[in-house]
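A.B. asks: coords please:
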Amino acid sequence: MNYRILVVATMAVLALIGASSAIAQTGSSETGQWTVPRTPDGHPDLQGVWANNSATPLERPETLADKIELTDEEVADLAQHARQLFNGETDAAFGDSVFEAALAGSQGFTSSDAGTGNYNQFWLVDREFEARTSLIVDPPDGRMPVLTSTAAAASDAVRAHRLAHPADSYTDRSNSDRCITYGVPRIRAGYNSYFQFVQTASHVAIVKELIHDVRIIPLDGRPHLDEAVRQWMGVSRGRWEGETLVVETTNLNGKNPFRGQSGDQMRVTERFTRISEDEIRYQFTVEDKGTWDTPWTGEMAMRKSIGPLFEHACHEGNYGLYNTLVGARAEEREAAGK
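C.D. replies: Next comes the predicted model:
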């Protein structure tokens with residue numbers, strides 16, 4: 001670990017926290033109606049800890065076809081079934097699997113890692129069900145666009161390699177297994193899916209609880225870095241468009257797959273709009289002509305949380321990666337009769 005980089009990043013965040021310590025303007029009006037709270041420089045105040053614990057899947061399940069929203073009764077039924085199914089004793093259900101299992105009416109749930117077991121549901125938060133059937137709002141069918149032929153071939157090659165070589169080296173494992181980063185955008189819900197916003201007139205910092213990624217986003221109009229400079233979470237630049245914070249991220253290094261794709265020409269445009277005391281509307285548009293035929297856009301709610309962020313000691317407790325490699329070597333010796 002490069003402690004110097006860690007110290008510099010920590011000092012930068014602390015500086016932002018110190019600079020933003022002035023009390024923001026109140027979010028209530030004389031009429032008692034909610035108004036957007038503002039920082040001393042007049043922009044909407046996004047500071048605090050916010051959570052994404054939605055059960056809504058990224059893509060609309062094929063069984064729901066053109067059904068953009070569920071009825072109140074359908075939402076209540078799904079939530080009730082999920083409470084019964086995921087009661088703390090079952091295997092942990094990550095990502096879209098909570099919604100999918102509830103929709104299918106499953107009577108039991110087994111994790112994708114059934115051979116070795118998984119976390120149980122005790123370690124995950126309860127998910128929030130809503131009417132929408134997909135986070136994707138464009139294309140209108142709630143599904144991701146078609147992959148280009150080049151991207152599809154590359155995806156098949158990566159999948160085949162991982163099946164044939166799951167643990168030849170630590171480099172065969174995912175970035176999350178290796179505690180590197182979950183990348184941009186981070187939309188997976190229910191597992192350390194909390195974000196702290198720290199805000200000044202010139203910068204916004206977004207601290208993720210998971211792996212403690214920190215994005216420090218300038219708002220001063222500086223240009224993006226030269227395209228030769230590539231980073232795990234890219235290079236982000238922000239600006240205010242009315243009441244919305246817009247963040248554009250480029251210069252991704254192509255080593256951090258998003259939905260299985262690793263295009264280094266990906267551009268992510270995020271929009272953060274505080275629409276109530278306890279909700280930020282988060283929209284994101286992903287563009288990569290080498291990967292998808294057209295851009296696509298998703299939207300989700302970030303809910304205000306009491307906080308604070310908790311330590312996510314990924315590297316410090318990462319016995320899993322070591323044991324995965326040790327187990328693979330043991331299987332090789334057994335196969336060789338040694």
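A.B. asks: so, low pLDDT: which residues of this protein?
C.D. replies: Within the chain, the ranges that satisfy pLDDT under 70 run 1-31, 112-118, 259-263, 316-317.
A.B. asks: quick one: contacts for residue 107?
C.D. replies: Counting by C-beta atoms under 8 Å, 6 or more residues apart in numbering, residue 107 touches residue 85. Yep, even glycine has a C-beta here, placed from its N, CA and C like the rest.
A.B. asks: next, work out how far apart it and residue 90 are.
C.D. replies: Look at residue 107 and residue 90: by C-beta to C-beta, to the nearest Å, they are 11 Å apart.
A.B. asks: cool, and residue 299?
C.D. replies: For residue 299, the distance to residue 90 - C-beta to C-beta - is 29 Å.
A.B. asks: and if you look at residue 147?
C.D. replies: 33 Å.
A.B. asks: go on, residue 236?
C.D. replies: From residue 236 to residue 90 the distance is 38 Å (C-beta to C-beta).
A.B. asks: just want to know which of those two has more residues nearby.
C.D. replies: residue 236 (21 against 18; other C-beta atoms under 10 Å).
A.B. asks: after the host helix or strand of that one, next one along is what?
C.D. replies: Per DSSP states H and E, residue 236 falls inside strand 235-241. Later in the chain than strand 235-241, the nearest helix or strand by DSSP H and E is strand 244-250.
A.B. asks: name all residues that make contact with residue 274.
C.D. replies: 36-37, 44-46, 243, 280-281.
A.B. asks: in a strand, it, correct?
C.D. replies: Yes: per DSSP: H, G, I helix; E, B strand; the rest coil, residue 274 lies within a strand segment.
A.B. asks: how's this protein carved up into domains?
C.D. replies: With domains defined by automatic domain parsing, the chain comprises 39-53+140-338, 55-134.
A.B. asks: got those as CSV, with distance to residue 32 columns?
C.D. replies: Formatted as CSV, these follow (distance: least, C-beta to C-beta, whole Å):
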stretch, distance to residue 32
domain 39-53+140-338, 12
domain 55-134, 27
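A.B. asks: which one is residue 151 nearest to, not counting chain neighbours?
C.D. replies: residue 291 (4.4 Å; C-beta to C-beta, 6 or more residues apart in numbering).
A.B. asks: and for the one you found, the neighbour number?
C.D. replies: Residue 291 - counted by other C-beta under 10 Å - has 25 other residues nearby.
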